[in-house]
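K.L.:
Predicted model, plus sequence, below.
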Number of protein chains: 2
Amino acid sequence: MAGGGGTRLWPLSRQSRPKHMLSLFHEQTLFQMAAHRLDGMFPPERIFVVTIETQVGELQAQCPEIPLENYLIEPMPRGTAAVIGLASVALQHKDPQAIMVVLTADHFIDDEDRFRQLLSAAQDVARDRYLVTLGIQPTFPATGYGYIQRGAQLASYQGLAVYQVLRFKEKPDEATAQQLLASGDHAWNSGMFVWQVDQIMAEFNRQMPGLAGSLAEIGHAWDTPEKNTTLQRVWSQLKAETIDYGIMEGARRVAVIPAAGLGWSDVGSWDTLFDVLDHDQDGNIIIGKNFMGMDTHNSLVYADSINRLIVTIGVDDLVVVDTGDALLICRKEQAQKVRLLVGQLKANGSKYL
Amino acid sequence: MAGGGGTRLWPLSRQSRPKHMLSLFHEQTLFQMAAHRLDGMFPPERIFVVTIETQVGELQAQCPEIPLENYLIEPMPRGTAAVIGLASVALQHKDPQAIMVVLTADHFIDDEDRFRQLLSAAQDVARDRYLVTLGIQPTFPATGYGYIQRGAQLASYQGLAVYQVLRFKEKPDEATAQQLLASGDHAWNSGMFVWQVDQIMAEFNRQMPGLAGSLAEIGHAWDTPEKNTTLQRVWSQLKAETIDYGIMEGARRVAVIPAAGLGWSDVGSWDTLFDVLDHDQDGNIIIGKNFMGMDTHNSLVYADSINRLIVTIGVDDLVVVDTGDALLICRKEQAQKVRLLVGQLKANGSKYL
């Protein structure tokens, strides 16, 4: 899944430069890292990318090894249920028995070996006809993620404990998040799933018959000249829904693999970068060279331009992001508000989106 | 006096754009405000500007009413004693009985009527052969100014109490500044002086005979073709000295007029602007239009460009100055450190000076 905008890393992420196209880590973009993370596990011709029309060119340039025909175009945003449904249709046409791994292109994962180990085990679990989720070990009472409550242990797969899922819980309030963290049996919902494609199709049929009918209509036209016009027409009439709410909360046979030690981050806001990026002895993360800090601590400075000097004096816990046409200065613990800001910019018809 | 650089308002003030050329208040530059503040008191042909060669063109453009021959060029920095000496030579050639008013071009004065009233009274005091200083009423234990201790009251001039000066004190440390503030008989040395030109010349002869000899040499060449070469040659051999240390501390017959209620600021660093610029209901001073603040308080934002959006979120007591090629983000109470920063830039041969 490589669509969407990325309002929470503004001004670096933009409508025309969503989060997964950013190079925040090393040289690669998050999209490139997500694709290369599968090296040795999935050949490029088995990687499908769901995105929007305007991003295909750039993504192809970033990962030329993924064939152009593997790009699935979402005509307009209709939520993750529809996106996963579209990918399911595409996979079913390749192989009705396929195991499908649903990943996001804009997350960071530090330990890639561990990640591939988890995916390998998850495929074994999926072959036992489970919908498998990767549950991230919570490290703080996050209110920005959904939670997965685990029940009885199912078995060991490749040496990893796998559990039945008792319940999915939507993003909690602060007090509830504290309880979920303390409970010890809740994990964050990472949005990464592994299942047999016929299994998820069965769930679409059972729980979202409207969407399932639409997907069938798209599937019928798949190998015909009407594929694109059908997709456009059917898609525009879909109701937007998430896979969590539409399918996972009511699904049968759901399993979770606790994914501790992944070094996972959804890179969901500027403050999350402090968990995954290297900092210097003052706790600062400096991206870009034209910077001077005096008495500056625990701050992140993204200095885009080599022709522009950024100086901070007496600054702590601050995020400074300079992209030439826009500058954000944000207290670290208020980084979530960037989303509100982008909402205001949208409401004002701002050119800085 | 309109020379010098202005390292403490970096990055707005630069080597090529010193503080007195900045338009921080209304439309006018500090230099224009300093000149126009004398309207109705001194006709433009009686205003002399001491500056450096490279600034003459710009200053002339800003105040075309001041005749070009009234610009006195300081060949290289040699301190305020030499600057005032040079102006004294020029005035003596116009009128040996002249009263000389020494003002700075880069200070802010809110109440201009009050200022003219003080200058008018000061000229009467100067006619009684005093060297007159304007003493600013201290509002906090400043360590950045020299102090003037007043003694016995001399008389009333135009209804204003005028005092003998007991002592000049150089910039104090924090503890001493506290004492001086508490004493009630100390004022800040504003660097504004009024005296008869023959009186200050007599003090140069008595206290700085070396400088006095050099000034006499310049004076002899004043109306000759050798004026400029003499000035260059003599000036380069001068020892740099301030008028405070060189003359005022040891001068006879020094008077001080307490200048309360002037609304004076030396605009010496970014934090001083909070005392003199209007702020909005959140305590913010916003200069420039392309700015959005969320949860932003008691901060100063200077946004130079209309093509660049600046956003602050969750920010208090911060100074943000964007000049396109450079950006300063500084905690208000550390604004004094900008000077250190500029020192570092100089040491590094930076292009951002």
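P.N.:
Ah, there it is.
K.L.:
hey, let's count contacts and neighbours off CA atoms from now on
P.N.:
Noted.
K.L.:
Leaving out chain neighbours, which residue sits closest to A:Thr139?
P.N.:
Spatial nearest neighbour of A:Thr139, chain neighbours left out: A:Leu181 (7.8 Å); criterion: Cα to Cα, 6 or more residues apart in numbering or on different chains.
K.L.:
correct me, but the one you found touches A:Ile136?
P.N.:
No. Using Cα atoms under 8 Å, A:Leu181 is not in contact with A:Ile136, being 11.7 Å away.
K.L.:
okay, those two: which has more neighbours?
P.N.:
A:Ile136 (25 against 19; other Cα atoms under 10 Å in any protein chain shown).
K.L.:
List the residues that contact the more buried one.
P.N.:
Contacts for A:Ile136 (Cα atoms under 8 Å, 6 or more residues apart in numbering or on different chains) come out as A:187-190, A:258-260, A:264.
K.L.:
rewinding a little: tell me who's in contact with the residue nearest to A:Thr139.
P.N.:
So A:Leu181 contacts A:138-141 (Cα under 8 Å, 6+ apart).
K.L.:
picking that back up, for the contacts of A:Ile136, which one is nearest B:Thr51?
P.N.:
Of all the contacts of A:Ile136, A:Trp264 has the smallest distance to B:Thr51: 61.2 Å, by Cα to Cα.
K.L.:
Just give me the neighbour total for the closest one.
P.N.:
20.
K.L.:
so where do the helices sit in the stretch 151-300 of chain A?
P.N.:
A:174-183, A:197-207, A:209-220, A:227-236, A:243-246, A:273-276 (DSSP state H, counting those that start in this stretch).
K.L.:
Put together JSON lines for these, with distance to B:Glu241 on each row.
P.N.:
Formatted as JSON lines, the helices of the stretch 151-300 of chain A follow (distance: least, Cα to Cα, whole Å):
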{"stretch": "helix A:174-183", "distance to B:Glu241": "64"}
{"stretch": "helix A:197-207", "distance to B:Glu241": "85"}
{"stretch": "helix A:209-220", "distance to B:Glu241": "85"}
{"stretch": "helix A:227-236", "distance to B:Glu241": "80"}
{"stretch": "helix A:243-246", "distance to B:Glu241": "76"}
{"stretch": "helix A:273-276", "distance to B:Glu241": "51"}
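K.L.:
To B:Arg37, which of those helices lies closest?
P.N.:
helix A:273-276 (52.5 Å).
K.L.:
could you give the mean pLDDT of the closest one?
P.N.:
Averaging pLDDT along helix A:273-276 gives 88.
K.L.:
can you pull the buried residues of that helix?
P.N.:
A:273-274, A:276 (16 or more other Cα atoms under 10 Å in any protein chain shown).
K.L.:
Ok, stretch A:86-100 next?
P.N.:
Neighbour-count burial for stretch A:86-100, with 16+ other Cα under 10 Å as criterion, is recorded at A:86-92, A:98-100.
K.L.:
Over to stretch A:115-129?
P.N.:
Of the residues in stretch A:115-129, those with enough neighbours to count as buried (16+ other Cα under 10 Å) are A:115-116, A:118-119, A:121-127, A:129.
K.L.:
Which part of the stretch 1-150 of chain A gets nearest to chain B, residue-wise?
P.N.:
The stretch 1-150 of chain A approaches chain B most closely through A:Pro11 (9.5 Å), counting by Cα to the nearest Cα.
K.L.:
Can you find the helix or strand in chain A with the smallest mean pLDDT?
P.N.:
In chain A, no helix or strand scores lower on mean pLDDT, DSSP states H and E than helix A:273-276, which sits at a mean of 88.
K.L.:
how far does that one sit from the chain's center?
P.N.:
16 Å (Cα atoms, centre = their mean, to the nearest Å).
K.L.:
picking up where we left off before, in a markdown table, list the contacts of A:Ile136 along with pLDDT.
P.N.:
Formatted as a markdown table, these follow (pLDDT from 0 to 100):
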| residue | pLDDT |
| --- | --- |
| A:Ala187 | 97 |
| A:Trp188 | 96 |
| A:Asn189 | 94 |
| A:Ser190 | 91 |
| A:Pro258 | 94 |
| A:Ala259 | 91 |
| A:Ala260 | 85 |
| A:Trp264 | 92 |
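K.L.:
Could you find the closest non-adjacent residue to the residue most central in space within chain A?
P.N.:
Using Cα atoms, centre = their mean, the residue of chain A that lies closest to the mean C-alpha position is A:Thr104, 3.5 Å off. Excluding its sequence neighbours, the residue lying closest to A:Thr104 (Cα to Cα, 6+ apart) is A:Met1, at 4.9 Å.
K.L.:
residues touching that neighbour, list them.
P.N.:
When contacts are counted by Cα under 8 Å, 6+ apart, A:Met1 touches A:49-51, A:83, A:102-105.
K.L.:
Out of those residues, grab the one that's most surrounded.
P.N.:
A:Val49 (26 neighbours).
K.L.:
per-residue confidence for the nearest residue to it once chain neighbours are set aside?
P.N.:
Excluding its sequence neighbours, the residue lying closest to A:Val49 (Cα to Cα, 6+ apart) is A:Tyr71, at 4.8 Å. Listed pLDDT for A:Tyr71 reads 97.
K.L.:
Count the neighbours of A:Pro64 for me.
P.N.:
Neighbours of A:Pro64 using other Cα under 10 Å come to 12.
K.L.:
how near is A:Ser350 to B:Ile313?
P.N.:
18 Å (Cα to Cα, to the nearest Å).
K.L.:
How about A:Asp110?
P.N.:
Taking Cα to Cα, one finds A:Asp110 at 29 Å from B:Ile313.
K.L.:
The two: which has the busier surroundings?
P.N.:
B:Ile313 (25 against 15).
K.L.:
looking at this, the residue nearest to the centre of chain A is in a strand?
P.N.:
No. Applying DSSP: H, G, I helix; E, B strand; the rest coil, one finds A:Thr104 to be coil, outside a strand.
K.L.:
Quick check, pLDDT for it.
P.N.:
94.
K.L.:
I'd guessed it sits against A:Phe193; true?
P.N.:
No. Counting by Cα under 8 Å, A:Thr104 stays clear of A:Phe193, with 9.8 Å between them.
K.L.:
Stretch A:112-120: how far from the chain's middle?
P.N.:
17 Å.
K.L.:
same question, stretch A:231-241
P.N.:
Using Cα atoms, centre = their mean, the offset of stretch A:231-241 from its chain centre is 22 Å.
K.L.:
In it, which of the residues would be classed as buried?
P.N.:
Of the residues in stretch A:231-241, those buried (16+ other Cα under 10 Å) are A:231-232, A:234-235, A:238, A:240-241.
K.L.:
could I have that stretch exported to PDB, CA atoms only?
P.N.:
Taking C-alpha atoms only, stretch A:231-241 is exported to PDB below (Å, rounded to 0.1, in the frame of the first residue of the first chain):
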ATOM      1  CA  LEU A 231     -12.800   0.100 -12.100                       C
ATOM      2  CA  GLN A 232     -13.400   3.800 -12.300                       C
ATOM      3  CA  ARG A 233     -17.200   3.400 -12.300                       C
ATOM      4  CA  VAL A 234     -17.500   0.800  -9.600                       C
ATOM      5  CA  TRP A 235     -14.900   2.500  -7.400                       C
ATOM      6  CA  SER A 236     -16.600   5.900  -7.300                       C
ATOM      7  CA  GLN A 237     -19.600   4.200  -5.800                       C
ATOM      8  CA  LEU A 238     -17.800   2.400  -3.000                       C
ATOM      9  CA  LYS A 239     -18.200   3.500   0.600                       C
ATOM     10  CA  ALA A 240     -14.900   4.200   2.200                       C
ATOM     11  CA  GLU A 241     -14.100   1.700   5.000                       C
END
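K.L.:
Tell me which residues are up against that stretch.
P.N.:
A:75-82, A:211, A:214, A:217-218.
K.L.:
average pLDDT for that stretch?
P.N.:
Mean predicted confidence for stretch A:231-241 is 96.
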